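**Q** Next input, structure requested:
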Amino acid sequence: MLLRRDLSTTGDLLRTGGALAAGLSLAVSLLIVLVANEYAGGIQLLVLGPVFFGGLGCLLAGQVMLWRKRPRS
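**A** Below is the predicted model:
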């Protein structure tokens, strides 16, 4: 689950929120640049690809931190 209801500490909330914000801002910036590229041209997808996947990596990293901290039952 992307957002859990039982975030136990403020640190968990900050890590999850930070990862979500970083990933979403990178994905939105990629979308904006792709739309601008359609009209202006000149921006290479080889540069933008790592930015987009970096955003997805931020999302996954935040979730992995939460999953590792979750107590096993």
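
**Q** Look up phi and psi at Leu66.
**A** Note on Leu66: its backbone torsions stand at phi -70, psi -40 [degrees, to the nearest 10].

**Q** Can you get me a residue count around Leu59?
**A** By other Cβ atoms under 10 Å, 19 other residues sit near Leu59. For the C-beta atoms, the positions are set from N, CA and C on the backbone; glycine is no exception.

**Q** from memory it sits against Leu20, does it?
**A** Yes - using Cβ atoms under 8 Å as the test, Leu59 is close enough to Leu20 to be in contact (6.5 Å).

**Q** which non-adjacent residue is nearest Leu24?
**A** Leaving aside its chain neighbours, Leu24 sits nearest to Gly55 (7.3 Å; criterion: Cβ to Cβ, 6 or more residues apart in numbering).

**Q** quick one: contacts for the one you found?
**A** By Cβ atoms under 8 Å, 6 or more residues apart in numbering, the contact set of Gly55 is Ala22, Gly23, Leu24, Ser25, Leu26, Ala27, Leu30.

**Q** May I see the ChimeraX selection of the buried members of these?
**A** To isolate the buried subset of these in ChimeraX, counting by 16 or more other Cβ atoms under 10 Å, use the following:
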select :22,23,26,27,30
